[in-house]
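Novice: turn this into a structure:
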Amino acid sequence: MRAFIGIDFENSLKNQIYELQQEFKKYAINGRWKHRDNFHLTLKFLNEISTSQQAQIDAALKKLCIEKKYFNLKFGKPNIFEGRDSVRVLWIGILGDLKQLYILQQEIDKAIKPLGFSAERRKFKPHITIGQDIVFERRFEEIQSYFENVQLEPIRVDRLFLFKSEQIKYKRVYTKVTEYNLRDERCDKL
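Specialist: Prediction:
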């Protein structure tokens, strides 16, 4: 199974991201656009995993998450990773409790390293991909200025998911396989 670990969003937030994506599409000549249901925040790409690796990942992440309390994130402004002749990736940045997010991502790396998954070499840059290989009708900086004051609802990070990634009828589909709940400190007070 091709898999990754990530944070999913409520449907209301996915709808808001989708509306923002549709506004960007108005300025695009062409491109590949992420499906609304696939909006997520990737914490660790795993590639192909076996059933036994999945069980080990589940055990490691359940143990890790029960020790971590939930935190909040919010969205920053849209930006790009440039390609040669197009925008390689159009994305929305992440703000908020980034310290907790970076710690969580590093601890995931550490928890599954003994299972044969090497740590990320690239610096973790949290973002939500909304499109790829896009050619805009004008410079991105000009288009970006139209979206500087976009407000999306905040993200409460209270669980992680192991996602399965597969190609179904020429469409990339991400399916939640396992849920890992972070500790809710309000429950600790009961």
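
Novice: need the contact list for the spatially most central residue of the chain.
Specialist: For the chain, the residue lying nearest the average C-alpha position, counting by Cα atoms, centre = their mean, turns out to be L41 (1.1 Å). Contacts here follow Cβ atoms under 8 Å, 6 or more residues apart in numbering; on that basis L41 touches G6, I7, F9, L73, I94, P126, H127, I128, I155. Bear in mind the C-beta positions are built from the backbone N, C-alpha and C, glycine included.

Novice: pipe those into CSV and attach neighbour count and pLDDT per row.
Specialist: Output for these, formatted as CSV (neighbours: other Cβ atoms under 10 Å; pLDDT from 0 to 100):
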residue, neighbour count, pLDDT
G6, 17, 97
I7, 21, 98
F9, 18, 96
L73, 19, 97
I94, 19, 95
P126, 20, 96
H127, 19, 96
I128, 26, 96
I155, 22, 94
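
Novice: from E82, how far out is the residue nearest to the centre of the chain?
Specialist: 21 Å (Cβ to Cβ, to the nearest Å).

Novice: so what's the residue count around the residue nearest to R159 when sequence neighbours are not counted?
Specialist: When the adjacent residues along the chain are set aside, R159 lies closest to N181, with 4.9 Å between them (Cβ to Cβ, 6 or more residues apart in numbering). Other residues within reach of N181 by the criterion other Cβ atoms under 10 Å amount to 13.

Novice: so N30 sits against Q132, correct?
Specialist: No: using Cβ atoms under 8 Å, N30 and Q132 do not qualify as a contacting pair, with a distance of 11.1 Å.
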